[in-house]
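Student: got a sequence here, can you build the structure:
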Amino acid sequence: MALRGIIFDLNGVLLWDAPLHTRAWNAVAKSLRGRELSDEEVAAHMLGRPYAYIASYLAGRPIAGRQLLELSEHKESLYRRLCLENPESFVLSPGARELLVALTERGVPRTIATSSEKTNLDFFVTHLGLARWFDTAKIVYDDGLRPGKPAPDAYLAAARNIGLPPVECVVVEDAIAGIQAARAAGIGHVIAIGPAEAHAQLLSCAGAATAIESLGDFPRALLPGV
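Tutor: Coordinates of the predicted model:
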């Protein structure tokens, strides 16, 4: 079946902000358990994971309700402050603008499926100008009503929002949990994005079909006319 639409993860794909998120989560980690996350923990337990999972992992016990809300708000306020204090890092990733312009000009159905919550999504829409390329009402974010990645729910919702079956969609992901979510959703083609040295690991994840270093390397032949 032909591929006709595309769904982007946001953090780590359209925006290379992992170091800023890690700095913010490390501040939370030190307050909860007295030490920062290791590189291995960042990859396995932070990237692409929902807030409840990360907070509960760091605390070593389930975190929910008001405590989770307060912890998430604290972490995200730290993160947004870091974004504004580091404008050189708070920009669309290499190749993103050119790809989004091409997709928009050719009317390719497109949206975003992110683990970010609404406050952060609004922050990104405002500061990154996402409304130029996306119908913001169709963006899927963490609203607390569906399981987070690696569950397939976010990608199933995103495909519905652009009016396509998952098998006709391309997904671009940087996290193993996101790749797993896309595969579980039945996405037609999953592109893993990351540095060259990470490609072998990303491609070893069931569901990943292609690996690229940046959106400038996106294989446009996957979507006719792009």
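
Student: which strands or helices does the helix or strand that contains residue 201 pack on?
Tutor: Using DSSP states H and E, residue 201 falls within helix 199-203. In this structure, helix 199-203 makes packing contacts with strand 189-193, strand 208-212, judged by 3 or more Cβ pairs under 8 Å, 6 or more residues apart in numbering; DSSP states H and E. All C-beta spots, glycine's among them, are computed from the backbone N, C-alpha and C.

Student: where does residue 226 land on pLDDT?
Tutor: The confidence metric pLDDT takes the value 85 at residue 226.

Student: meant to ask about residue 180, not that
Tutor: At residue 180, the pLDDT value in this model is 96.

Student: how many residues are close by it?
Tutor: Close neighbours of residue 180, defined as other Cβ atoms under 10 Å, add up to 21.

Student: let's have the chain start at 541 instead
Tutor: Right, with 541 as the first residue, what we last looked at is residue 720.

Student: just to revisit the earlier point, export the helix holding residue 741 to PDB, keeping only CA atoms.
Tutor: The C-alpha coordinates for helix 739-743 follow below in PDB (Å, rounded to 0.1, in the frame of the first residue of the first chain):
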ATOM      1  CA  HIS A 739      22.000   3.700  13.700                       C
ATOM      2  CA  ALA A 740      22.900   0.100  14.400                       C
ATOM      3  CA  GLN A 741      21.100   0.100  17.700                       C
ATOM      4  CA  LEU A 742      18.100   2.000  16.300                       C
ATOM      5  CA  LEU A 743      17.800  -0.400  13.300                       C
END
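
Student: report the separation between the two terminal residues of stretch 709-725.
Tutor: Separation of the first and last residues of stretch 709-725 by Cα to Cα, to the nearest Å is 10 Å.

Student: what do you get for stretch 751-766?
Tutor: Taking Cα to Cα, the span from the opening residue of stretch 751-766 to its closing residue is 18 Å.

Student: just to revisit the earlier point, and the helix holding residue 741, how far out from the chain's middle?
Tutor: 17 Å (Cα atoms, centre = their mean, to the nearest Å).

Student: buried stuff in that helix?
Tutor: Within helix 739-743, the residues that qualify as buried are 739, 742, counting by 16 or more other Cβ atoms under 10 Å.

Student: could you give the mean pLDDT of it?
Tutor: The model assigns helix 739-743 a mean pLDDT of 95.

Student: dump the helices and strands packed on helix 739-743 into CSV; add mean pLDDT as well.
Tutor: Shown next, in CSV, are the helices and strands packed on helix 739-743 (pLDDT from 0 to 100):
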stretch, mean pLDDT
strand 729-733, 98
strand 748-752, 97
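
Student: so which of the ones you listed is nearest residue 653?
Tutor: Taking Cβ to Cβ as the criterion, strand 729-733 is the member of the helices and strands packed on helix 739-743 that comes nearest to residue 653, at 12.2 Å.
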